[in-house]
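[1] structure here, sequence nowhere to be found:
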């Protein structure tokens, strides 16, 4: 089961890394803003294809090597997990290295062609677009918290009946293989982590909903549709993930409170099922959003030069990955390389929403 889980993760990471250049907005290529009409420039297309080919070669070599190694020399659990975790990082690191290489090439190409010098740059505002926003209300992320609070109350009531050793890790066979001395922290660790994550989901949805809807005046229809899709489907993905995660954590906590309440097969399947569900959901989100205002849209780019374009804000993007703009009140903005949102690192609220919860979870994990 662990081999299948790790292999699926490797495949997912590989597919996303290969497809990214074709899923992002047409006007952003390897983190560099270009005019809409230049999206079919021969060098732009060449860079995207070359990135995909090189990433595919690395991904195939890594995946095939992982399979052959496991068949020829069966790995123990520790080595299997270590290798299977390392390979996705190798693929990600390869993709990142190639990204920075092509980011440099695109920056150089943009400067040499002086694409924005003869195009009027404007900011496009649509006062009616907010009425079309279908993001979920942020309070829905507190609905699963009712279950979490119930689990916490139940854990407190049963604390005295629990054994002196509390399981904190389960092996691939669903049997606990690591224990900790009973304490309030070890008993309540899972539901506390769950509450922190649910609060983070709430904050992410809340401030994403308040973020600006940025539309490219060079291609209003497609860019507006992309923004609305991104907001709607990422909101739903976040909420459904919240529910699935709440179910997973709750079952694990109930199994801690009532020994052998669930079968070993269920405990084996649940984490695997949650991983597959999350990966499939992320892939569906990438395709649903990425098929609009991108190379997957299937619509020809106009041959007529655009009279206007969105403002070239490359100076606010460090390496095309990190957004730092004190003038922008948005806390979350659309990623330039990938599908989803990234922080406006110039806004301190973003650190509180995303970084502080992660730090708290790490502190809890190392305190047991």
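    Nice, thanks for sending it over. Please read all numbers here as calculations on a predicted model, not as lab measurements.
[2] where does the prediction get shaky in this protein?
    Within the chain, the stretches with pLDDT under 70 are 1-2, 75, 77, 168-178, 298-306.
[3] all strands for it, in order.
    Along the chain, counting by DSSP state E, strands occupy 28-29, 32-33, 120-122, 165-170, 176-181, 308-310, 317-318, 322-323, 332-334, 341-343.
[4] please identify the most buried of these.
    Scoring these by mean neighbour count under mean count of other Cβ atoms under 10 Å gives strand 28-29 as the most buried, with a mean of 26. Every residue, glycine included, has its C-beta placed from N, CA and C.
[5] and that strand, what does it pack onto?
    helix 42-72 (3 or more Cβ pairs under 8 Å, 6 or more residues apart in numbering; DSSP states H and E).
[6] what is the neighbour count of residue 82?
    Residue 82 is surrounded by 12 other residues when neighbours are defined as other Cβ atoms under 10 Å.
[7] quick one, domains of the protein?
    What automatic domain parsing lists as the domains of the chain is 1-113, 130-368.
[8] residue 120: which of those is closest?
    Closest approach to residue 120 among these is made by domain 130-368 (4.9 Å; Cβ to Cβ).
[9] residues contacting the closest residue to residue 36 other than its chain neighbours?
    Nearest residue to residue 36, sequence neighbours excluded (Cβ to Cβ, 6 or more residues apart in numbering): residue 218, at 3.9 Å. Contact analysis of residue 218 by Cβ atoms under 8 Å, 6 or more residues apart in numbering lists 27, 35, 36, 37, 306, 308, 309, 310.
[10] just residue 156 next, same as before
    residue 188.
[11] what about the helices in the stretch 101-250 of the chain?
    145-157, 184-210, 220-257 (DSSP state H, counting those that start in this stretch).
[12] mind giving me the packing neighbours of the last one?
    Translated: helix 220-257. Counting contacts by 3+ Cβ pairs under 8 Å, 6+ apart, helix 220-257 packs against helix 145-157, helix 184-210, helix 264-290.
[13] of those helices, which approaches residue 354 most closely?
    From these, taking Cβ to Cβ, the stretch that ends up closest is helix 184-210, at 6.9 Å.
[14] report the beta-bridge partner residues of the residue lying closest to residue 311 once chain neighbours are set aside.
    Leaving aside its chain neighbours, residue 311 sits nearest to residue 121 (4.8 Å; criterion: Cβ to Cβ, 6+ apart). Note on residue 121: beta-bridge partners residue 309, judged by DSSP bridges.
[15] wait, doesn't residue 336 sit right on residue 21?
    No: the pair residue 336 / residue 21 is not scored as a contact, 11.2 Å apart, by Cβ atoms under 8 Å.
[16] sorry, back to before: wait, which of the strands of the chain is closest to residue 138?
    Across those, closest to residue 138 is strand 332-334 (Cβ to Cβ), at 12.7 Å.
[17] picking up where we left off before, mind checking which of the strands of the chain is nearest residue 264?
    For the strands of the chain, proximity to residue 264 was assessed by Cβ to Cβ; strand 165-170 is nearest, at 9.2 Å.
[18] need phi/psi at the closest residue to residue 322 other than its chain neighbours.
    Of all residues beyond its chain neighbours, the one nearest residue 322 is residue 345 (5.8 Å), with distances taken as Cβ to Cβ, 6+ apart. Dihedral angles of residue 345 (phi, psi; degrees, to the nearest 10) stand at phi -70, psi 0.
[19] try residue 337
    Main-chain torsions, residue 337, degrees, to the nearest 10: phi -140, psi 90.
[20] who's more crowded, residue 336 and residue 21?
    Remark: of residue 336 and residue 21, residue 21 carries more neighbours, 26 against 22, as counted by other Cβ under 10 Å.
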